[in-house]
Structure formats: structure tokens, C-alpha cells
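Chemist: turn this into a structure:
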Amino acid sequence: MLYGGIFILPVVPDRPNVEGGSAYRAKINPHSSLSSIAEQLRQQGISVNSVTIQIGTRTLFVASKLKPGTYLFPNGASLGKVLLQIARGDRVKESIAIIPGMTIW
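Modeler: Numbers count the residues shown, from 1 in each chain. I've put the predicted structure just below:
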């Protein structure tokens, strides 16, 4: 029953926070603990708390596999989908363009 609830109950808002996007963007800082990850996600609008993150990660056996980065979560995604995406490291690929002849200043 607990395992089913992790994948059924949505935690990601239905409205995207990215212009013209259909996903919800959230960032997780490096060297974050489970409670810190829960706080970061909560501050960014995802309805989780420390207890649900700890129960979810231990149920899915991904507590030590969560990776930092910027993620795009589907709107209305469940806690299970969010945790598995963070554990897999399916991050947003960001690039930087260095223009030849441009100074660093």
C-alpha cells in the first residue's frame, strides 16, 4: 500500500514554472542530505517534506543514489517518479557558449 501511494499521489504542481514548457523545473544542490533535498524541493513548490522523502527513498532503495543538478519533472508527477528521476540523474543539459575574441570581463 505504501509503495502504491508513492507512485499514485502527485507532488509536482500541474502548472509549469518554465515559460512555454510543459514541465516543472527544480534544482538540487551538491552534497545535500535527504532532509536538505526535501527542503530545497519544498521551497521550489513541490509538495514534499523530510519524512516523505526519507520513507520514499528507503522504500525505493535510492537513498544513497540521489544526484545534484537541475531537473525537469512532468506536471503532476508522483514522488516515486521524482525520486527515480533524481536517482538516475536525468538532468537538464545546460551549455555555455564561448565566443572567440570575447574577454572574460
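
Chemist: residues of stretch 65-81 that come out buried?
Modeler: Within stretch 65-81, the residues that qualify as buried are 66, 68-69, 71-73, 77-81, counting by 16 or more other CB atoms under 10 Å. Every C-beta, even on glycine, is put in place using the N, C-alpha and C of the backbone.

Chemist: who's in contact with R58?
Modeler: Under the criterion of CB atoms under 8 Å, 6 or more residues apart in numbering, R58 has no contact partners.

Chemist: beyond the helix or strand harbouring it, next helix or strand please.
Modeler: R58 belongs to helix 50-60 when assigned by DSSP states H and E. As assigned by DSSP H and E, the chain's next helix or strand after helix 50-60 is strand 69-74.

Chemist: packing partners of that following strand?
Modeler: strand 23-28, helix 79-88 (3 or more CB pairs under 8 Å, 6 or more residues apart in numbering; DSSP states H and E).

Chemist: what sits up against it?
Modeler: Strand 69-74 has contacts (CB under 8 Å, 6+ apart) with 12, 18, 21-28, 46, 81-82, 85-86, 89-92, 94.

Chemist: among these, which ones are buried?
Modeler: Neighbour-count burial (16+ other CB under 10 Å) is assigned, among these, to 12, 23-24, 26, 28, 46, 81-82, 85-86, 91.

Chemist: pLDDT for the residues you listed - can I get that in a markdown table?
Modeler: Formatted as a markdown table, the buried ones among the contacts of strand 69-74 follow (pLDDT from 0 to 100):
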| residue | pLDDT |
| --- | --- |
| V12 | 88 |
| A23 | 87 |
| Y24 | 90 |
| A26 | 92 |
| I28 | 94 |
| I46 | 90 |
| K81 | 92 |
| V82 | 92 |
| Q85 | 94 |
| I86 | 94 |
| R91 | 90 |
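
Chemist: which one of these is nearest to T103?
Modeler: Using CB to CB, R91 comes nearest to T103 of the buried ones among the contacts of strand 69-74, at 30.2 Å.

Chemist: spell out which helix or strand contains that closest one, please.
Modeler: For R91, there is no enclosing helix or strand under DSSP H and E.

Chemist: please tell me I have it right and it contacts K67.
Modeler: Yes. Between R91 and K67 there is a contact under CB atoms under 8 Å: 7.4 Å.
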